[in-house]
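Participant: make a model of this:
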Amino acid sequence: MIKAKRKDKEKIIQILTKAFEQNPRVNDLVKQDSKKLHRIDRLMRYAYNVCSVFGKVLVSDDGKACALILYPDRKQLSLKGAYWKVELLLGTVGFRSALKVLAREAFVSKHHERHSYYIWFIGVDSEYVNMGIGTDFMDELIADADRRKRPIYLETHLPQNLAWFEKFGFEVFREIKLDSPLYFLRRKSFHYFLK
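Facilitator: As a prediction, the model looks like this:
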């Protein structure tokens, strides 16, 4: 696993856009019309930009998996961040949906430890799904979070994803009902258990 370089950005956006094309959480935010994929692409660009400044963007050594990692304790107000939010608001999902994105972002962050390793988006190239690439990549993300002594947080709307995350030691610590259930998961850092 390596930190993404600028040249990787378009491939990462493409992987995540395709991976989240049918995701209920994402589809609740973007208008369902002929420009749906374009809107998902813009949403992923927003998350990519935020993570590139306040976290990191990681890609598997073979370039087939990627993750947008946010460090909530590093996120702060900035002109760049404000610009990205305005761009999201005006050019991506529309005013109403952009407000939903920002409200969800704030709501979700309230349920994480400030000093955490937040996996905002993770995806595998659609041509390589169910080949173990995601499992190997998640193992590397967990090792990275453990080295940094940070618990991992993430969410999913998909109940079928729960068993996969649980095999890595994640636990559901909260479930809320929106249009569909939203499961909040966490995995404590290995170092947390040594205390």
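Participant: low-scoring stretches of this protein, by residue?
Facilitator: Within the chain, the set of residues satisfying pLDDT under 70 comprises 89-98, 101-102, 105, 178, 189-195.
Participant: all the helices of it, residue numbers only.
Facilitator: Applying DSSP state H to the chain gives helices spanning 9-19, 24-29, 36-54, 79-87, 95-109, 133-147, 159-166, 190-193.
Participant: turn the ones you listed into TSV, columns for distance to residue 116.
Facilitator: Yep, even glycine has a C-beta here, placed from its N, CA and C like the rest. What follows is these, written out as TSV (distance: least, CB to CB, whole Å):
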stretch	distance to residue 116
helix 9-19	21
helix 24-29	19
helix 36-54	12
helix 79-87	19
helix 95-109	10
helix 133-147	9
helix 159-166	15
helix 190-193	11
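Participant: quick one: which of the ones you listed is nearest residue 179?
Facilitator: Between residue 179 and the helices of the chain, the shortest separation by CB to CB is 5.5 Å, and it involves helix 24-29.
Participant: packing partners of the closest one?
Facilitator: Judged by 3 or more CB pairs under 8 Å, 6 or more residues apart in numbering; DSSP states H and E, the packing partners of helix 24-29 are helix 36-54, helix 95-109.
Participant: residue 123: which of these is closest?
Facilitator: Set against residue 123 and scored by CB to CB, those come closest in helix 36-54, at 9.0 Å.
Participant: save the helices of the chain as TSV, and put in mean neighbour count and distance to residue 67 too.
Facilitator: As requested, those are exported to TSV (neighbours: other CB atoms under 10 Å; distance: least, CB to CB, whole Å):
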stretch	mean neighbour count	distance to residue 67
helix 9-19	19	9
helix 24-29	18	16
helix 36-54	19	9
helix 79-87	13	19
helix 95-109	14	16
helix 133-147	17	6
helix 159-166	13	13
helix 190-193	12	19
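Participant: looking at these, which is closest to residue 70?
Facilitator: When the helices of the chain are ranked by distance to residue 70, counting by CB to CB, first place goes to helix 36-54 at 5.3 Å.
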